[in-house]
Each structure stands twice: as structure tokens, then as C-alpha cells.
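Visitor: turn this into a model:
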Amino acid sequence: MNNAHILWAINALNDHKYHIHTPIPELIQNTPWSEIYRFKTNQGFVFLKKTPPGLAIEPKIIGFLHKELQANVPAVIAANLEQHCFLMQDAGIQLHEYFKENFQADILIQAMHNYSTLQIMTPSRVGLFLDMGVPDWRLEKLPKLYQDLISHETLLLDDGLNKNELMRLKNLESKLLSICDQLSSYLIKETFGHADFHDKNILINTKTSQITLIDLGEVVITHPFFSFHNCLHRAKENFSLSNAQYQQLRLACFKPWLALDTEEHLFEILEIMQQCWPIHSVLGEFRLMNSVDHAAFQQLRRQGRLAKSLRYWINH
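Guide: Model prediction:
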């Protein structure tokens, strides 16, 4: 075995008194932005995650959220900053898998409440997140980030947009600025947010019902309702929720935010948010593209994802 990160993981587990049952770990995920291996040990499964340098902030974020906010995040056993990898204990299965047989709204609501509570606790700590290298996607920054994105004309044309659509994207710069100004006028403060928050990045321990937030290398500083909307939108699509079910779910998930603003204002924010939500999605995809090997990323056949989200923004 000549993979330095795997050799490190084996030594680290031995140092922490774990007995490894199988010398070669099982590779359970292999994408340009993460390799995940599973070790079977005398203390249950242990996972090794390796990321590109641009996403290697994850163990720092996990440690901060656990220590400062007692957040339900993976238990990190050891981390190797040079190899951009870390070891973590098993925390269960994805909610996405758990819900396949039976969608349980109460569990998703609890997960959303846990996540929202963390967000509500962290506006005063934004500077600490930025010091750790978390990207700054606050509303005042979004127009410039958008300008930078649409300046990559060759990339966007290759992804499927046409020149007329590129012109329309440029014409929408003032619209995005107006939306950001509107959102800034409300009482909900910007905080940390998971740029890809949905049911596949939430785990549940089926024995204890403990809920754990994962993939924290993708956090940013932003308006909290971007990830709020993303998670509910994905749940509606993934589990074929009716409009009535979706409205009930959204109202129940708002509960932690009612201490900060009125229900009327929260719905207003979400309605405004839905107009520019695709921009956040595109920035997340663009960040992944810039963090990984380009050739490997192209092999995933994710072409068209930028164009799809940007067309939604154009049309809405």
C-alpha cells in the first residue's frame, strides 16, 4: 500500500488504540472533491476523508463548531493538514437513504431546527470563520462574485449557454444588486451556511436518532436562507412532496427564526431569495470546479449544471 494518506490513517488509528480488522480500507466514494474510505475496527466503522487543498478546511470547521457551539458534527479522531485528510467516527446513514422507504417530516424539521440554531448563534463569530479561510459570500459581496462568474464567457459557452444569454446575464447585474439590498433591509443577519445543504449531507444514527451535519468543507459566510431554501427545495423534489406538504414543512422549519423576525417578513425574505437562489447554486458549483482537477471534474459529466441554474435566474 503506497498511498501516503492511507498509511497515515493506519498509523493514526493504531496510535489511538483502534484495532483494524481489515488491512485495506473500502473505498466508498471517489470524486474529484473527496475520497472516502471505510475502516472496520474494534470500535466500529471509521472513515478517512481526503480532499483537494481548496476544500481542506473541513476538520478546522468541524473542530470549531464542536468546541464553540457543541454542534452535532462528525467526531474527528485525527487530521493530517499536509495530506489534506482526516479520520472520523461513524455517524450513521444519509437522511436521503433513510427517507427512501418512508419520508418523516418530523426528522427533517428537527435537522433544520438544529442547523438554524447554529446559524442564529454564529453572526458574532463571522470574523473567526473568515480567519479560518471560509469564503465570504455575504450580500454585499454577491454582485462582485456574480460579475467575476459571468466574465468567464468561454466556460459558460462551453457549458451550454449562448451569447444572447450571456448578454442577458450581464443585464441582470443591477437586478441582483437590488435583490441584495432588499434582503439586507431585514433583521436576519448573515452567518455561516452550508453551500450544499440537503438530505444527503445530513446523517442519522438509526439506533440513537442522533442527527449529524457533514461535508463542512463547503461552508461559506452568507445569508442563512440560501441553504434553508436549498434543503427544502431538494426535499420537495426528492420525496415528491405536494405543495401543501411543502408549505407545512416550510412553516414548521421557520420556528427558530421567529425569535428574530415576524412570520410575514420571513416569508417575504424567502420569496425574494427564490429569485436569486440559483446564483448561490452556481457559485457552489464554480467553487468545486476551481478546487479540483479540471479533467477529472469533466469526466463526471456535470456539464450543463451552470447553464441550467443560470437559465433559471434569467427566466425568473
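Visitor: so the residue lying closest to L260 once chain neighbours are set aside versus D261, what's the distance?
Guide: In space, and not counting its chain neighbours, L260 is closest to L187: 5.6 Å by CB to CB, 6 or more residues apart in numbering. (Each C-beta comes from the backbone N, C-alpha and C, glycine too.) Separation of L187 from D261 (CB to CB, to the nearest Å): 5 Å.
Visitor: out of those two, which sits in the more crowded spot?
Guide: Legend: neighbour count by other CB atoms under 10 Å for L187 and D261, higher for D261 (15 against 11).
Visitor: so that one sits right up against S185, yeah?
Guide: No: when contacts are counted by CB atoms under 8 Å, D261 is not listed as touching S185 (11.2 Å).
Visitor: quick check: the residue most central in space within the chain vs K60, distance?
Guide: Centrality entry for the chain: nearest residue to the mean C-alpha point is D196, 2.7 Å, by CA atoms, centre = their mean. Using CB to CB, D196 is found at 18 Å from K60.
Visitor: swap in R38?
Guide: On the measure of CB to CB, R38 and K60 end up 23 Å apart.
Visitor: between these two, which is the more surrounded one?
Guide: Neighbour totals were compared for R38 and K60, and K60 leads with 19 against 16 (other CB under 10 Å).
Visitor: ok, now how distant is the more buried one from K67?
Guide: For K60, the distance to K67 equals 11 Å [CB to CB].
Visitor: also F228?
Guide: The gap separating F228 from K67 is 25 Å, by CB to CB.
Visitor: helices along the stretch 201-316 of the chain, start to end?
Guide: 225-238, 243-253, 263-291, 294-299, 305-315 (DSSP state H, counting those that start in this stretch).
Visitor: out of these, flag the one nearest Y146.
Guide: helix 263-291 (5.9 Å; CB to CB).
Visitor: which parts of that closest one are buried?
Guide: 265-266, 269-270, 272-273, 275-289, 291 (16 or more other CB atoms under 10 Å).
Visitor: repeat for stretch 173-186
Guide: For stretch 173-186, using 16+ other CB under 10 Å, the buried residues are L176, L177, I179, C180, Q182, L183, Y186.
Visitor: regarding stretch 89-97, how distant is the last residue from the first?
Guide: Start-to-end span of stretch 89-97 (CA to CA, to the nearest Å) is 19 Å.
Visitor: starting at the chain centroid, how far to it?
Guide: 15 Å (CA atoms, centre = their mean, to the nearest Å).
Visitor: before we move on, what about stretch 65-84?
Guide: The answer for stretch 65-84 is 16 Å, by CA atoms, centre = their mean.
Visitor: and the gap between L310 and P278?
Guide: Per CB to CB, L310 is found 7 Å from P278.
Visitor: ugh, wrong one, I meant E140
Guide: Distance of E140 to P278, given as CB to CB: 19 Å.
Visitor: what about this protein, any weak spots by pLDDT?
Guide: The model of the chain has pLDDT under 70 over residues 1-2, 295-302.
Visitor: kindly state the domain boundaries assigned to it.
Guide: What automatic domain parsing lists as the domains of the chain is 4-89, 103-315.
Visitor: could those go into a markdown table alongside distance to H96?
Guide: Putting the domains of the chain into a markdown table (distance: least, CB to CB, whole Å) gives the following:
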| stretch | distance to H96 |
| --- | --- |
| domain 4-89 | 14 |
| domain 103-315 | 4 |
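Visitor: between those domains, which gets nearest to L95?
Guide: Closest approach to L95 among the domains of the chain (CB to CB): domain 103-315, 4.2 Å.
Visitor: quick one: contacts for V76?
Guide: Shown in contact with V76 (CB atoms under 8 Å, 6 or more residues apart in numbering): P59, I62, G63, H66, F86, L87, M88.
Visitor: my read is the fourth one is in a helix, agree?
Guide: Think H66. Yes: using DSSP: H, G, I helix; E, B strand; the rest coil, the assignment for H66 is a helix.
Visitor: please list all residues in contact with I93.
Guide: Going by CB under 8 Å, 6+ apart, I93 touches L203, I204, T206.
Visitor: quick check, nearest of the residues you listed to D131?
Guide: L203 (27.9 Å).
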